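K.L.:
Just the structure for this:
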Amino acid sequence: MAQNFRNYITRNTGATPVDILPAAQVDSYDAVVGIRLVNIHASTDIEVDVYIVRSATNYYLIKAVPIVVGGSLELIDGGSKVVLHSGDKIMAVSDTASSLDVVVSYVDAISS
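P.N.:
Numbers count the residues shown, from 1 in each chain. Sure, this is the predicted structure:
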């Protein structure tokens with residue numbers, strides 16, 4: 001069976017939580033194979049939260065993690081994966097306006 005590798009990119013995330021992998025993208029069991037968080041602010045270190053929302057409950061992957069100016073964080077690496085149930089979404093928020101770019105790489109529809 002062929003694997004359906006996908007990505008979802010979010011730009012200029014700030015102090016309001018945003019979907020970095022909306023539930024509309026997760027229509028079956030999917031496997032997230034990478035989340036890259038990049039501080040794009042010109043002069044400020046930032047702190048970032050990333051969490052899964054399932055049935056209106058937040059499950060944190062990271063909380064208040066610092067990323068230096070111009071730095072990045074590979075949240076899922078080394079062959080790790082996070083499996084999402086149908087309807088899950090992943091949210092991210094920074095403590096600074098328009099400071100965070102995010103790339104989520106995932107395998108679509110590993111099972112239904």
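
K.L.:
Please enumerate the helices of the protein.
P.N.:
Counting by DSSP state H, the chain has no helices to list.

K.L.:
Using neighbour counts, pick out the buried residues of the helix-or-strand element of it with minimal mean pLDDT.
P.N.:
The helix or strand of the chain with the poorest confidence is strand 100-111; it has a mean of 86 (mean pLDDT, DSSP states H and E). The neighbour-count check on strand 100-111 (16 or more other CB atoms under 10 Å) flags 100-107, 109-110 as buried. (Glycine included, C-beta is placed from N, CA and C.)

K.L.:
can you check stretch 58-75 too?
P.N.:
61, 67, 73, 75.

K.L.:
that older thread, Tyr8: which of the buried residues of strand 100-111 is nearest?
P.N.:
Val104 (4.8 Å; CB to CB).

K.L.:
Tell me where this protein has strands.
P.N.:
In the chain, the strands defined using DSSP state E lie at 4-13, 18-21, 29-39, 46-54, 57-67, 72-74, 82-84, 89-94, 100-111.
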